[in-house]
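S.K.: give me a 3D structure for the following:
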Amino acid sequence: MNLSDISANRVACGHNTRSAPILPRPSLEFTPETEAALAGLYARLRDVITPQDWRVHAPYIRAINDLKKQRNAVLLAHNYMTPEIFHTVADFAGDSLALAREAARSDADVIVQAGVHFMAETSKILNPGKMVLIPDQQAGCSLADSITAADVRRLREKYPGVPIVTYINTSADVKAECDITCTSANAVQVVEAMAREYDSREVLLIPDEFLAQNVAGQTDVTVLTWKGHCEVHERFTGPQMRSFRNAEPEMKIIAHPECPPDVLDEADFSGSTSGMINWVQKHQPEKVMLVTECSMSDNIAVENPDVKFIRPCNLCPHMKRITLPAILDSLLELKDEVCIDPEIAAAARKPIERMINLDH
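M.R.: So this is what the prediction gives:
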């Protein structure tokens, strides 16, 4: 299906979905045909999805993959999605940087963002003519909510001439006020690049205070911070890590840089979600604990069956709003579409593209 006719009939907030064909709701029974069609897939996932849960998930998985073809849709899934999404319906899975790049090069008519709202906004900013859907509009982010565009303007006044780097975990309004975005995978590189370009000894890195503190420990640039935190990562503590290690002395600890600095002090490795995945695949530790959102361990375990994962399970309530039923409804009804004021989107696009092009 081609949605170019929808693109030609823009309404104030998104596309005129009345032009899109109405598709029948598929059967969601677990039939022998569905079981046979997905048997190979379940063979890979049986250690992380129970047979009882698979009977529920499988009809949705089959229906979603069929709907994607009918809608010419692509599904981008963050590493924090649950395994039944991450390993079965995602066309591309990765961290924020990888998904931003995939969104920029996508040739699909419809992009479904299996992640939180700021990720869907990023996809929309990079694809203004495409329909971008998020399966649940309430999938927000405590970190993104910690700062506003007005806050950034006040920082400009307080620190004139100092470049402002915003973590990609922010709203379009905030991005539009900043010089460049970054992710946890490239934050040090971006901070140092801005210091050179602006000939500045100081760089503002907002809004994650812990990420900024951890970046400051890896560079000679003075990194100025904002007191924003991720509600998942801020709950981990250094003493908690020492307790885990005392219980499992041979275990390796790898932590996300949104954790407090004393957590990273106890870790054997710190990196973005993609960096954590690559570390496990390369080193194949006997036991490892991923100090981040809980679903990551299940997703990595599928590809690393010889590694035992110790799970300190902090769940992101926002990521967990994205479910197979929500994805199905989103594709069937073409909801909920992500809409951004065109002027804000144009301004926000510049710092995102600046980040994407930094390596090129």
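
S.K.: other SSEs contacting the helix or strand harbouring Ala326?
M.R.: Assessed by DSSP states H and E, Ala326 sits inside helix 324-333. On a contact count with 3 or more Cβ pairs under 8 Å, 6 or more residues apart in numbering; DSSP states H and E, helix 324-333 meets helix 51-71, helix 83-86, strand 110-114. Quick note: C-beta positions are derived from backbone N, CA and C, even for glycine.

S.K.: by contact count, what packs against the shortest one?
M.R.: Yep, that's helix 83-86 we're talking about. Using 3+ Cβ pairs under 8 Å, 6+ apart, helix 83-86 sits against helix 51-71, helix 295-303, helix 324-333.

S.K.: closest to Ala36 out of those?
M.R.: helix 51-71 (10.4 Å; Cβ to Cβ).

S.K.: looking at this, Leu76 is in a strand?
M.R.: Yes. Secondary structure assignment (DSSP: H, G, I helix; E, B strand; the rest coil) places Leu76 inside a strand.

S.K.: do I have it right that it meets Ala104?
M.R.: No. With contacts counted by Cβ atoms under 8 Å, Leu76 stays clear of Ala104, the gap being 11.1 Å.

S.K.: so for the two, which sits in the more crowded spot?
M.R.: Per other Cβ atoms under 10 Å, whichever of Leu76 and Ala104 has more neighbours is Leu76, with 27 against 17.

S.K.: how close does the more buried one sit to Asp329?
M.R.: Distance, Leu76 to Asp329, using Cβ to Cβ, to the nearest Å: 18 Å.

S.K.: same check on Ala114?
M.R.: Ala114 is 13 Å from Asp329, by Cβ to Cβ.

S.K.: shared neighbours, those two?
M.R.: Pro135 (Cβ atoms under 8 Å, 6 or more residues apart in numbering).

S.K.: when these two are compared, which one has more neighbours?
M.R.: Set Ala114 next to Asp329 and count neighbours by other Cβ under 10 Å: Ala114 wins out with 32 against 17.

S.K.: which residues does the more buried one bridge with?
M.R.: Ala77 (DSSP bridges).

S.K.: that one contacts Ala90, correct?
M.R.: Yes. Contact criterion Cβ under 8 Å: Ala114 and Ala90 qualify, at 6.5 Å.

S.K.: who touches both of these two?
M.R.: The contact sets of Ala114 and Ala90 overlap at 75-77, 81 (Cβ under 8 Å, 6+ apart).

S.K.: possible to save those residues as a markdown table with distance to Val132 and pLDDT?
M.R.: Compiled in a markdown table, the shared contacts of Ala114 and Ala90 are given as follows (distance: Cβ to Cβ, whole Å; pLDDT from 0 to 100):
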| residue | distance to Val132 | pLDDT |
| --- | --- | --- |
| Leu75 | 11 | 96 |
| Leu76 | 10 | 96 |
| Ala77 | 14 | 96 |
| Met81 | 17 | 95 |
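
S.K.: thought Val188 was touching Gln218?
M.R.: Yes. Val188 is within contact range of Gln218, at 5.0 Å (criterion: Cβ under 8 Å).
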